[in-house]
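In: Just a sequence and a predicted model for now, questions to come.
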There are 2 protein chains.
Amino acid sequence: MSWRKDERRAERGYHHGNLKEALLQAALNLISQKGPAGFTFADAARMAGVSPAAPYRHFRDRDELLASIAQRGFEQFESVLTQAWDDGRPDTISAFERVGKAYLGFAREEPAFYSAMFESGVPVDSNPTLMAASERAFAIIRAAAERLAALAPPGMPRPPAMMMALHIWSMSHGVASLFGRGDAARRKLPMSPEDLLEAEVLIYLRGLGFPIDRRAEAAAAEEKPAGPWGRPK
Amino acid sequence: MSWRKDERRAERGYHHGNLKEALLQAALNLISQKGPAGFTFADAARMAGVSPAAPYRHFRDRDELLASIAQRGFEQFESVLTQAWDDGRPDTISAFERVGKAYLGFAREEPAFYSAMFESGVPVDSNPTLMAASERAFAIIRAAAERLAALAPPGMPRPPAMMMALHIWSMSHGVASLFGRGDAARRKLPMSPEDLLEAEVLIYLRGLGFPIDRRAEAAAAEEKPAGPWGRPK
DNA sequence: AGCTCATGTGAACGATCTTTACATGAGCCG
DNA sequence: CGGCTCATGTAAAGATCGTTCACATGAGCT
């Protein structure tokens, strides 16, 4: 790693070192603790050990900091999804399932990023670079849908990949947003969010004509082999 | 209507009349204009023509007002869904589609309610009456899913209604949250949110083994009869 | 060594949230 | 009708926050 000089400037720095980074980290901590509305600019400054005015050297205002976090979130999101997709290896279907799990995993493990990206009221379309980052993340889902659509059985009409991608995205976001995070808006579920989403997507794909094994859903619904739909309760 | 005396007290009241109501209305206006984060307690008071301290006679703090709005939102939501479902008349499928449209309609026409309910960070499970209202709203979807599940073709295994309900809900919320409102987080869509959701649900139901007419999706995807999947672009 | 510019500080303003003591008037009871 | 009481609203005040501006400081270049 590039320790030696980088670390000296980072830890102890001249004025502060990399305040920008420290502020982003502080904001992330605060958001994950108290939600995107509960984090204050002054708090982030305090947590970074600087005066309340210092952040204005790096962010025009509080919204720009939030937008920066959303931006970073989209980038990290894209990276996670890309890795999960792995260009469709070893096979399209299982890679696709991995993407779904990765989606939920990101929402759960990075709730601060996720809420900054989707629930903070940041106007995504007002910031071009933010918009672009969001597009790149969606492009992964879109690409996966494309490959999946190409796999449609010969007899079937090809579903439009864009529509598939939007459908999958809305399912994933719906599950993540309603049931994904441990804390807020939780509701007793008969199964894990991951299994819920997996079953949902599989049923959807079967509806498109893909030859999905029914046992996969059963396994997703619950490990209990009490019929193909899991426990009937 | 019960004018006469009610109205005198409502309009002109003694101190203010029904400040509580006025505050809720003011908050709704403010939220629909500036989002749930952008509304301030003082602003609501000002809009109601009272001092900034007056609201505290009716709400412990800002969060309680928000929770009250969410509560009311869930009640109104339940009413809208109940009306749309109409106990499954004239037939289960079309009533089900109506519920989906009603869901999106509510999210679009009452963005203030919707965001207070789902995106304001109000801890739903901390307030029992709020939780109950939310449950009652979800119960409509659940009941519809139940009826739908009972309609499953004889040869098919019966899907668990609860799972169906959760799936439908996550689709609806996903579409509403990502594409539903005119303003925030919009993205260019090849079709309307309503059509997107309708196609999604229909494909899902077909995946469950329901004999869904493919042309319905085509119509949903777009009116253009350019093949069963709408325009291939 | 000295200049310069990015970076951080301190003080200040207005707005907000919230509490506290005080005012007011509606409705009841005699 | 007169007075009591309590819900309802006000005024004032403290704490915090977002934001700005004049000023300080020191890193890096020449």
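Out: Thanks, I have it.

In: Could you identify the helix or strand that succeeds the lowest-mean-pLDDT helix or strand in chain A?
Out: When each helix and strand of chain A is scored by mean pLDDT, DSSP states H and E, helix A:5-11 comes last, with a mean of 37. Under the assignment DSSP states H and E, the closest C-terminal helix or strand after helix A:5-11 is helix A:19-38.

In: buried ones in that following helix?
Out: By neighbour count on 16 or more other C-beta atoms under 10 Å in any protein chain shown, the buried set for helix A:19-38 is A:19-20, A:22-24, A:26-28, A:30-32, A:35-37. To be clear about C-beta, it is placed using only N, CA and C from the backbone, and glycine gets the same treatment.

In: okay, these in JSON lines with pLDDT and distance to B:A48 next?
Out: Formatted as JSON lines, the buried residues of helix A:19-38 follow (pLDDT from 0 to 100; distance: C-beta to C-beta, whole Å):
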{"residue": "A:L19", "pLDDT": "89", "distance to B:A48": "42"}
{"residue": "A:K20", "pLDDT": "93", "distance to B:A48": "42"}
{"residue": "A:A22", "pLDDT": "93", "distance to B:A48": "42"}
{"residue": "A:L23", "pLDDT": "95", "distance to B:A48": "37"}
{"residue": "A:L24", "pLDDT": "95", "distance to B:A48": "39"}
{"residue": "A:A26", "pLDDT": "94", "distance to B:A48": "37"}
{"residue": "A:A27", "pLDDT": "95", "distance to B:A48": "34"}
{"residue": "A:L28", "pLDDT": "95", "distance to B:A48": "37"}
{"residue": "A:L30", "pLDDT": "94", "distance to B:A48": "32"}
{"residue": "A:I31", "pLDDT": "94", "distance to B:A48": "32"}
{"residue": "A:S32", "pLDDT": "91", "distance to B:A48": "35"}
{"residue": "A:G35", "pLDDT": "86", "distance to B:A48": "27"}
{"residue": "A:P36", "pLDDT": "89", "distance to B:A48": "27"}
{"residue": "A:A37", "pLDDT": "88", "distance to B:A48": "23"}
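
In: Format the residues you listed as CSV; extra columns: distance to DNA strand D.
Out: As requested, the buried residues of helix A:19-38 are exported to CSV (distance: C-beta to the nearest atom of the strand, whole Å):
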residue, distance to DNA strand D
A:L19, 13
A:K20, 15
A:A22, 16
A:L23, 12
A:L24, 15
A:A26, 12
A:A27, 10
A:L28, 15
A:L30, 10
A:I31, 12
A:S32, 16
A:G35, 13
A:P36, 11
A:A37, 10
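
In: and DNA strand C, which of these reach it?
Out: Near DNA strand C, judged by C-beta under 7 Å from any atom of the strand, the entries from the buried residues of helix A:19-38 are A:L19.

In: and which of the buried residues of helix A:19-38 is nearest to A:G207?
Out: Top of the list for closeness to A:G207, among the buried residues of helix A:19-38 and by C-beta to C-beta, is A:P36 at 35.3 Å.

In: The residue lying closest to that closest one once chain neighbours are set aside in helix, strand or coil?
Out: Sequence neighbours aside, A:S120 is the residue nearest to A:P36 in space, at 4.0 Å (criterion: C-beta to C-beta, 6 or more residues apart in numbering or on different chains). Recorded secondary structure, A:S120: coil (DSSP: H, G, I helix; E, B strand; the rest coil).

In: show me the contacts for A:S120.
Out: Residues counted as contacts of A:S120 (C-beta atoms under 8 Å, 6 or more residues apart in numbering or on different chains) are A:P36, A:A37, A:L66, A:A70, B:A37.

In: does the fourth one count as helix, strand or coil?
Out: In the three-state summary, A:A70 is assigned as helix, counting by three-state DSSP.

In: Spit out the contact partners of it.
Out: Counting by C-beta under 8 Å, 6+ apart, A:A70 has contacts A:F113, A:A116, A:M117, A:S120, A:V122, A:V124, A:L130.

In: Repeat that for the second one.
Out: Counting by C-beta under 8 Å, 6+ apart, A:A37 makes contact with A:S120, B:P36, B:A37, B:S120, B:G121.

In: for these, which one is nearest DNA strand C?
Out: Within the contacts of A:A37, the smallest distance to DNA strand C is 10.1 Å, found for B:A37 (C-beta to the nearest atom of the strand).

In: Look up how far B:N127 lies from the closest one.
Out: Separation of B:A37 from B:N127 (C-beta to C-beta, to the nearest Å) stands at 20 Å.

In: Show me what from chain A comes close to DNA strand C.
Out: With C-beta under 7 Å from any atom of the strand as the criterion, chain A comes near DNA strand C at residues A:G13, A:H15, A:H16, A:G17, A:L19, A:V50, A:S51, A:P52, A:A53, A:A54, A:R57, A:H58.

In: Out of these, which end up buried?
Out: The buried subset of the residues of chain A next to DNA strand C - by 16+ other C-beta under 10 Å - is A:H16, A:G17, A:L19, A:V50, A:A54, A:H58.

In: host element of the fourth one?
Out: Spelled out, it's A:V50. A:V50 belongs to no helix or strand when elements are defined using DSSP H and E.

In: quick one: pLDDT of it?
Out: For A:V50, the pLDDT comes out at 93.

In: now do the one 10 residues further on
Out: Confidence per residue is given as pLDDT, and for A:R60 that number is 95.

In: Relative to A:D125, how far out is it?
Out: A:R60 is 18 Å from A:D125, by C-beta to C-beta.

In: Of these two, which one has the most company?
Out: Neighbours were counted for A:R60 and for A:D125 using other C-beta atoms under 10 Å in any protein chain shown; A:D125 has more, 14 against 10.

In: any idea which helix or strand carries the closest residue to the more buried one other than its chain neighbours?
Out: Nearest non-adjacent residue to A:D125, counting by C-beta to C-beta, 6+ apart: A:M131, 5.7 Å away. Under the criterion of DSSP H and E, A:M131 resides in helix A:128-150.

In: If we go by neighbour counts, what in that helix is buried?
Out: A:130-131, A:133-134, A:136-138, A:140-149.

In: Please name every helix or strand in contact with that helix.
Out: Contact here means 3 or more C-beta pairs under 8 Å, 6 or more residues apart in numbering or on different chains; DSSP states H and E; on that basis helix A:128-150 packs against helix A:62-85, helix A:92-109, helix A:161-175.
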